[in-house]
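Asks: Provide a 3D model corresponding to the input given below.
(chains A and B)
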Number of protein chains: 2
Amino acid sequence: MHGRDLNDQSVQALWHRAEKAGLSRRRFMVLLGSSGAAAVLAACTPRTTTPAPSPTTPSPTPVRNINKPTPEQFFIPLGTNAETRLEVMANREYAMPNGLFFVRSHTSSPLVDPKTWTLSIEGAGVARPFQLTYDELLKLPTHTVTRYVECAGNGRSFFDTLLKNPAQGGQWRLGAYGVAEWTGVRLRDILNPAGILSAAVDVMPIGMDSTRVERPMPVDKAMEDDTLVAYMMNGDIIPIDHGFPARVLAPGWVGINSVKWVNRITVSTGPIRTDKNTTSYVLVGPDYQPQPPALGPPVNSQVIKSALCLPWPATLRAGQQKVVGYAWSPFGKIRGVEMSTDGGKTFENASLAGPNVEQAGTRWEYSFSATPAVTSLTPRATDEAGNVQHDISEQKWNQQGYLFGAMVPHPVEVK
Amino acid sequence: MHGRDLNDQSVQALWHRAEKAGLSRRRFMVLLGSSGAAAVLAACTPRTTTPAPSPTTPSPTPVRNINKPTPEQFFIPLGTNAETRLEVMANREYAMPNGLFFVRSHTSSPLVDPKTWTLSIEGAGVARPFQLTYDELLKLPTHTVTRYVECAGNGRSFFDTLLKNPAQGGQWRLGAYGVAEWTGVRLRDILNPAGILSAAVDVMPIGMDSTRVERPMPVDKAMEDDTLVAYMMNGDIIPIDHGFPARVLAPGWVGINSVKWVNRITVSTGPIRTDKNTTSYVLVGPDYQPQPPALGPPVNSQVIKSALCLPWPATLRAGQQKVVGYAWSPFGKIRGVEMSTDGGKTFENASLAGPNVEQAGTRWEYSFSATPAVTSLTPRATDEAGNVQHDISEQKWNQQGYLFGAMVPHPVEVK
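Replies: Residues are numbered from 1 along each chain as shown, chains lettered A, B, ... in the order given. You can find the predicted model right below:
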């Protein structure tokens, strides 16, 4: 609630909605008091689809919240999630090794048995629902793409530290981002055999984690060339924390769309509403209008960003220095990266280095003469569609801190 | 016992030993009957070092026997171990991805907390015992090498199927072998600061698994350029199943020497005897003499081998075909690989392909006109030291099936 974004009228409207959904006034007040409007809506939002557990796939065993090792030398712990310290990528290749990839999960990682796992394609939007086994999935034509995956809230901490207006949720800096090579089957090559109806509207993958995370996307996004059901990551079996045995890859869209541990994909003939597109992963704030039953417009596409592969804060020796970083955009390749060593007053071109991949970004490097006068390094990325990272003054605030895209001055001390 | 390798005299000698160690005749007979001489010796072998648990490192939590997913499409399950199906490497690069790497562990993989883990260097052979934290280990000068790791029993199943004389233990074909890029600290850079005495004889790393696997090596091996305490594998955090937070890498030597989950390294001033160099990982058989207290000579160096990246058995289409494989030797790079399509009567040269690395081997490829007359493909590797894979008739048998190095005809059906 945080008293900022819901006036009395909004609270009243919420109460009417909650009452209609059968919530007691007491329960309403408890939800409102503890977790705000989102909690109320989660409790009363009607669900267009309420899929029953798939009869053929037993529930997976949960393993530790994060299954892989995430030592603090490589990760910033964020509650049940882990942010990659981008400095560990300074001397590595473009793609992020699986073990170093950030982890954002809504629950403990489930341990799924590939012998009993199936992927069901179902719903009113398909003519011929069917199921695939793991073995059948592996035998379908494969497609490999290099793409980034990024949490919708990557950069969220800067709403607080740069915009001075904190947002709810994990306080990521910029390491909830990673590039990998994904191998799997085009989602459309799985949907088409099911006979997608012309009336189909939304495609919703559902995860096997304990809360069965689900987030719909329009059919058009699902049918794109590089929207996959991926089972390999960087040429390796996809790790448990990243969706074994299979996950969706929805390039350029917020991470929640790349549903992990997927075992059901339902296709609807009307818009699907879930808590993940009505109460969370929607933009709530003074610059956004509610879209009932959603609290605000859903967050789909990401925004252009850049980051340095340096500790936070960084210490550099005076003299000639080379720093490296990443830049990425959901709108295409990166056209260029500039760097400011004076807090954003003036910029010089950095050099792009290595692969530059659509919806995956590129690495870049910048050489400069480091002096104690330099207290920050501020990269600014531009993509081939002409999008440029904007100044913090232009950053729109939203309650849940999605889509932070402003330039970030990386604090450095030159000694 | 298997009645084959211990005559009455040997049994008597065993009994004298067991009696001296305090075993009752009844216990002796039970051990002898159930698991043979190895069990007797395990029960009565005096241990030069019996290290107490390190006071500063709490016991790790065991996780599932194998922590990572090992679907049968990628692995052959072998009890609590998993063999890589080498055919999954046919279209991949040289090094084996971490998730596809074979697993051989004596216990469940332990989950070690890097925040409390320490590595102790200790024993009578060092002047200044000390401990390293994970953070301190990471800050030492790093060294990166590409090397293979291979189970001592890799190829063991061929004692049965080719030599018609089965050996005890996991019936691996050839996939208990994998190449990776290992990054860590040279073991000598850890031993030297501890002040290795000139009287030092053996260096024994000890693992944190529940049985605390330990296997000594001579100081000379420990001091080699490429003997490491590794904490990265293929540029990634070393996975739990492969020794996180750190393992030893003893290139060219049987896998047991590359102790996983290491937290103690003890340096002795006399030969160290453990069950892993007296009763197991020793050569017992008609061609080998006991080396009391060991049942036979310890297995240290591996032997030269080659293998095809094809399913077992493989089906190939008639016509021009290209097959690929690996060849590896502990004695240096691979000089060449030949192939026989007629069961070993005649050989043609295959082509080496890609990196050819000392004690890691190389990939190779062979193009030929496949006809239904071809029922096997038999590669034969030669290393730069002149070692050549021998015929099965020259393969020495040993009870525990170590060091299988003969040429292996890979069964194929050409259709």
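Asks: CA only for contacts and neighbour counts going forward, please
Replies: OK.
Asks: can you report how many residues lie near the nearest residue to A:D202 once chain neighbours are set aside?
Replies: With CA to CA, 6 or more residues apart in numbering or on different chains as the measure, A:P218 is the residue that lies nearest to A:D202, at 4.5 Å, once sequence neighbours are left out. A:P218 sits with 16 neighbouring residues when counted by other CA atoms under 10 Å in any protein chain shown.
Asks: pretty sure A:P218 is touching A:V203, no?
Replies: Yes - with contact defined as CA atoms under 8 Å, A:P218 and A:V203 form a contacting pair (6.0 Å).
Asks: quick check: pLDDT value at A:Q289.
Replies: If you check A:Q289, the pLDDT there is 97.
Asks: can you tell me the helix or strand for it?
Replies: Assigning secondary structure by DSSP states H and E places A:Q289 outside every helix and strand.
Asks: which residues in chain A form helices?
Replies: A:8-20, A:25-35, A:37-44, A:134-139, A:157-161, A:187-191, A:219-222, A:275-278 (DSSP state H).
Asks: how about the strands in the stretch 201-350 of chain A?
Replies: Taking DSSP state E, counting those that start in this stretch, the strands of the stretch 201-350 of chain A run over residues A:202-207, A:217-218, A:228-233, A:236-237, A:247-249, A:262-267, A:305-308, A:314-316, A:319-328, A:334-340, A:348-349.
Asks: try the stretch 1-150 of chain A
Replies: In the stretch 1-150 of chain A, the strands defined using DSSP E, counting those that start in this stretch lie at A:61-62, A:75-78, A:81-84, A:110-111, A:118-122, A:130-133, A:143-150.
Asks: what bits of chain A have low per-residue confidence?
Replies: Flagging of chain A using pLDDT under 70 yields the residue ranges A:1-58.
Asks: give the contact list for A:V408.
Replies: If you count contacts by CA atoms under 8 Å, 6 or more residues apart in numbering or on different chains, A:V408 has them with A:158, A:307, A:378-379.
Asks: now the residues you listed as CSV including neighbour count?
Replies: Listed next are the contacts of A:V408 as CSV, based on neighbours: other CA atoms under 10 Å in any protein chain shown:
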residue, neighbour count
A:F158, 24
A:A307, 28
A:T378, 22
A:P379, 30
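Asks: of these, closest to B:R247?
Replies: A:A307 (32.9 Å; CA to CA).
Asks: would you check how far apart the closest one and chain B are?
Replies: As judged by CA to the nearest CA, to the nearest Å, A:A307 and chain B stand 21 Å apart.
Asks: next: A:N398.
Replies: Summarising the geometry, the distance separating A:N398 from chain B, computed by CA to the nearest CA, is 36 Å.
Asks: and the stretch 201-350 of chain A, which of its residues are near chain B?
Replies: Of all the residues in the stretch 201-350 of chain A, those in contact range of chain B (CA under 8 Å from any CA of the partner chain) are A:235-237, A:239-240, A:244.
Asks: what's the farthest-apart pair in the residues you listed?
Replies: Those two in those that are separated most widely, counting by CA to CA, are A:G235 and A:I240, at 14.8 Å.
Asks: show me what from the stretch 51-200 of chain A comes close to chain B.
Replies: A:68-69, A:71, A:73, A:92, A:97-100, A:114-115, A:135.
Asks: could you verify my assumption that A:P290 touches A:G296?
Replies: Yes - using CA under 8 Å, A:P290 is in contact with A:G296, at 3.9 Å.
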